[in-house]
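> Mind folding the following:
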Amino acid sequence: MTVYFIGAGPGAPDLITLRGQRLIERCPVCLYAGSLVPAEIVAAAPPGALVRDTAPLHLDEIVAEIERAHVAGHDVARVHSGDPSIYGAVAEQMRRLDTLGIPYEVVPGVPAFAGAAARLATELTLPEISQTIILTRTSGKASPMPPRESLEMLGQSGATLAIHLSVRNLAYVEAALTPHYGADCPAIVIYRATWPDEEIIVTTLAEMRTRVREEKITRTALIFVGRVFGETRFRDSRLYAADFAHVLRNAGKKKQRAG
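Numbering: from 1, shown residues only. Alright, predicted model coming up:
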């Protein structure tokens, strides 16, 4: 048997990968993070499958379910939100499975920041504005942040920031980033991106806390900060410039001349 760590995507049921969907449809055991994985996704499990929400379970209980499936020879669809490699809490599960000799594979998913950017219809990197995206979070109940990864440190880059798991720490986000980005820097808070109850707040660092408080958003939100948002005066990329030559474009011209 194999345990498949599957990224379910940011929320919309049709944003799961084809590979992930097909695995869920055939695995006789489906363990999913019920607070963030849409019910429609795990409803695709085969008839008679064990489908269990792991939100109320601790790590030992989750591993015990996997061990039972291993003894029975049943493949397991272990379904996480977004992409398993980003704040997925999968590393400790894999470590346990390594110790037990239980094989596993990872199926990537659409990460939350990509789903949110798509809903905004925006590019997170613009020529001469920002060419770097930093995915980060702030300290919370689950775990602290390493000091070298504080927003005070990361903000010095001026990069586009996608800040996860931090909607309760907006006072800190504002204080840490304003010296580097300015109080008028665009900030966007997206609650449950791509879900039916999605909310998008377009604001600034200075107004962010007030707007979020007005909308009563306290969880499941992603914060974007950066000068790329709403910017229209950026320079065009050289990639599609008429006078910019590269191997494929030169090859096309040669074919035309040959014809």
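> And for Gly158, nearest residue in space, chain neighbours not counted?
Nearest residue to Gly158, sequence neighbours excluded (Cβ to Cβ, 6 or more residues apart in numbering): His180, at 6.5 Å. All C-beta atoms are positioned from the backbone trio N, CA, C, and that covers glycine.
> Which residues are in contact with the one you found?
Contact analysis of His180 by Cβ atoms under 8 Å, 6 or more residues apart in numbering lists 155-156, 158.
> In JSON lines, list those along with neighbour count.
Putting the contacts of His180 into JSON lines (neighbours: other Cβ atoms under 10 Å) gives the following:
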{"residue": "Gly155", "neighbour count": "20"}
{"residue": "Gln156", "neighbour count": "10"}
{"residue": "Gly158", "neighbour count": "15"}
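> Mind putting those residues into JSON lines with pLDDT?
Shown next, in JSON lines, are the contacts of His180 (pLDDT from 0 to 100):
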{"residue": "Gly155", "pLDDT": "97"}
{"residue": "Gln156", "pLDDT": "97"}
{"residue": "Gly158", "pLDDT": "96"}
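> So which of the residues you listed is the closest to Met94?
Checking those against Met94 by Cβ to Cβ gives Gly155 as the nearest, at 32.1 Å.
> Is the closest one in contact with Pro179, as I believe?
Yes: assessed by Cβ atoms under 8 Å, Gly155 is found in contact with Pro179 at 7.5 Å.
> how near is Thr138 to His164?
Thr138 sits at a distance of 9 Å from His164 (criterion: Cβ to Cβ, to the nearest Å).
> what helix or strand is Ile188 on?
For Ile188, the host element (DSSP states H and E) is strand 186-191.
> same question, Thr136
Element membership for Thr136 (DSSP H and E) is strand 133-137.
> With only the CA atoms kept, save that strand in PDB.
The C-alpha trace of strand 133-137 is given here as PDB (Å, rounded to 0.1, in the frame of the first residue of the first chain):
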ATOM      1  CA  ILE A 133       7.800  36.600  -3.600                       C
ATOM      2  CA  ILE A 134       8.300  35.700   0.100                       C
ATOM      3  CA  LEU A 135       5.900  33.200   1.600                       C
ATOM      4  CA  THR A 136       6.000  33.600   5.400                       C
ATOM      5  CA  ARG A 137       3.900  33.800   8.600                       C
END
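> what residues does it touch?
With contact meaning Cβ under 8 Å, 6+ apart, strand 133-137 is reached by 86-87, 111, 113, 124-125, 145, 149, 151, 154, 157, 159-166.
> can we see that at 6 Å?
124, 154, 159-166 (Cβ atoms under 6 Å, 6 or more residues apart in numbering).
> any idea how far Gly109 is from the closest residue to His74 other than its chain neighbours?
Closest residue to His74 apart from its sequence neighbours, by Cβ to Cβ, 6+ apart: Pro28 at 4.4 Å. Distance, Pro28 to Gly109, using Cβ to Cβ: 21 Å.
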